[in-house]
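Trainee: sequence first, predicted model second:
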Amino acid sequence: MPEFENLNVKTTIDCKQGAVRAVRYNVDGTYCLSCGSDKKIKLWNPVSGLLLKTYGGHADEVTDAAGSCDSSYIVSASLDKSIIYWDVSTGAPVRRLRSHAGGVRCVCFNEDSSIAISGGRDNVVMCWDIRTRRLDPVQVMKEARDCITTVATNENRIYAASLDGCVRTYDIRVGELTCDKVGEPITYLAQTRDEQCLVAGCQDSVVRLLDCETGGLLSEYRGHRGDDYHIECGILSNDAHIVTGSSDGDAFVYDLLEGKILQRIRISDNGGVVHSLASHPKRQEMIFARRRDMYVFSTDLQIEEEQL
């Protein structure tokens, strides 16, 4: 098990886009995205805090975004019930997709970025073939009984978390659905890098570790506060430490195996919910969102190495 180095703040960015609804890294962690209540997505250099581009075209708050596997495209979700597929370099919308009956909460790409997967307040998961001009979803999954809060995928499976307290696994190879009942509204879902486990942030202020194969509960992490907010969780790149936001202005790092709190990160002294976060795909680095700001945290060791 790798030693845990405390995370320390490297950069604080005022995103100037109203409340920041979500923060995401691109595929290799070189850039990050912020989604705003001002209906825009912004592309940043997380180390320097430099704004690289702004993408505007949604008619309501942007709730989620994801970068493609070659970082050439972005897909974004909005409460305006649409998904937009963007060209990163030109900043222009390539395609606007509308079939959801309610606001779209979450979106992701499959591994080769040929399919976009979205989940909405209409309790529906949709798959879109974005390499063709087809504007209708290629697949619609209507099994959930409440809002879809997260969609995630790997080569063979699509995972959908819902406020109905279930994680639904769609096995693409055999066309099979498995429903694992957690019993508490799930506000966020993340996969470990080895794809063996899922980390589920729940509204009862507990993060749960689930086995991907059996759906069984492996561990629980307690100490942060959810307070009915949609709080996100994640895993550091070494697969050994779980991170979650909290409604009291802090973030928490837990030991994955032992479940104990390794670090309580004070993001801000004047409160505000730390609701969105993203872990760097390769380094021990995190970005957090609170109110209008985005915070980049990294280990002391990496800060020293970068200064040499």
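Mentor: Happy to help now that I have it. Numbers count the residues shown, from 1 in each chain.

Trainee: hmm, H280 is touching F297, no?
Mentor: No: counting by Cβ atoms under 8 Å, H280 does not reach F297; the two are 9.8 Å apart. Every C-beta, even on glycine, is put in place using the N, C-alpha and C of the backbone.

Trainee: what do those two both touch?
Mentor: M286 (Cβ atoms under 8 Å, 6 or more residues apart in numbering).

Trainee: alpha carbons of the helix or strand encompassing V207, in PDB - could you do that?
Mentor: Using DSSP states H and E, V207 sits within strand 206-211. C-alpha atoms of strand 206-211 as PDB (Å, rounded to 0.1, in the frame of the first residue of the first chain):
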ATOM      1  CA  VAL A 206     -21.600   7.600   3.800                       C
ATOM      2  CA  VAL A 207     -19.300   6.600   0.900                       C
ATOM      3  CA  ARG A 208     -19.600   2.900   0.000                       C
ATOM      4  CA  LEU A 209     -17.100   0.700  -1.800                       C
ATOM      5  CA  LEU A 210     -18.900  -1.900  -4.000                       C
ATOM      6  CA  ASP A 211     -17.500  -5.000  -5.700                       C
END
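
Trainee: and it, which strands flank it?
Mentor: strand 197-202 (antiparallel), strand 217-222 (antiparallel) (DSSP bridges).

Trainee: any idea which of these is most buried?
Mentor: strand 197-202 (a mean of 25; mean count of other Cβ atoms under 10 Å).

Trainee: could you pull up the residues touching T153?
Mentor: Applying Cβ under 8 Å, 6+ apart, the residues contacting T153 are C108, F109, N110, E111, I117, Y159.

Trainee: sec struct for the last one, please.
Mentor: Right, the one you point to is Y159. strand (DSSP: H, G, I helix; E, B strand; the rest coil).

Trainee: low-confidence regions, the stretch 51-200 of the chain specifically.
Mentor: By pLDDT under 70, the stretch 51-200 of the chain has no low-scoring segment.

Trainee: which residue ranges form the strands in it?
Mentor: 62-67, 73-78, 82-87, 93-98, 104-109, 115-120, 125-129, 139-141, 148-153, 157-162, 166-171, 176-181, 186-191, 197-202 (DSSP state E, counting those that start in this stretch).

Trainee: distance to D255 added to the ones you listed, as TSV?
Mentor: What follows is the strands of the stretch 51-200 of the chain, written out as TSV (distance: least, Cβ to Cβ, whole Å):
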stretch	distance to D255
strand 62-67	28
strand 73-78	33
strand 82-87	37
strand 93-98	41
strand 104-109	27
strand 115-120	30
strand 125-129	32
strand 139-141	35
strand 148-153	23
strand 157-162	23
strand 166-171	23
strand 176-181	24
strand 186-191	16
strand 197-202	13
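
Trainee: which one, of these, ends up nearest to R292?
Mentor: Closest to R292 of those is strand 62-67 (Cβ to Cβ; 14.1 Å).

Trainee: what about S89, how many residues close to it?
Mentor: 10 (other Cβ atoms under 10 Å).

Trainee: next one: D227 relative to G249, how far apart?
Mentor: D227 is 12 Å from G249, where distance means Cβ to Cβ, to the nearest Å.

Trainee: can you pick out the residue with more neighbours from those two?
Mentor: Ranked by neighbour count (other Cβ under 10 Å), D227 and G249 place G249 first, with 19 against 12.

Trainee: without its sequence neighbours, what residue ends up closest to W128?
Mentor: A116 (4.5 Å; Cβ to Cβ, 6 or more residues apart in numbering).

Trainee: then K40?
Mentor: G56 (4.8 Å).

Trainee: can you give me the neighbour number for N270?
Mentor: N270, neighbours per other Cβ under 10 Å, totals 7.

Trainee: that one belongs to a helix?
Mentor: No: counting by three-state DSSP, one finds N270 to be coil, located in no helix.
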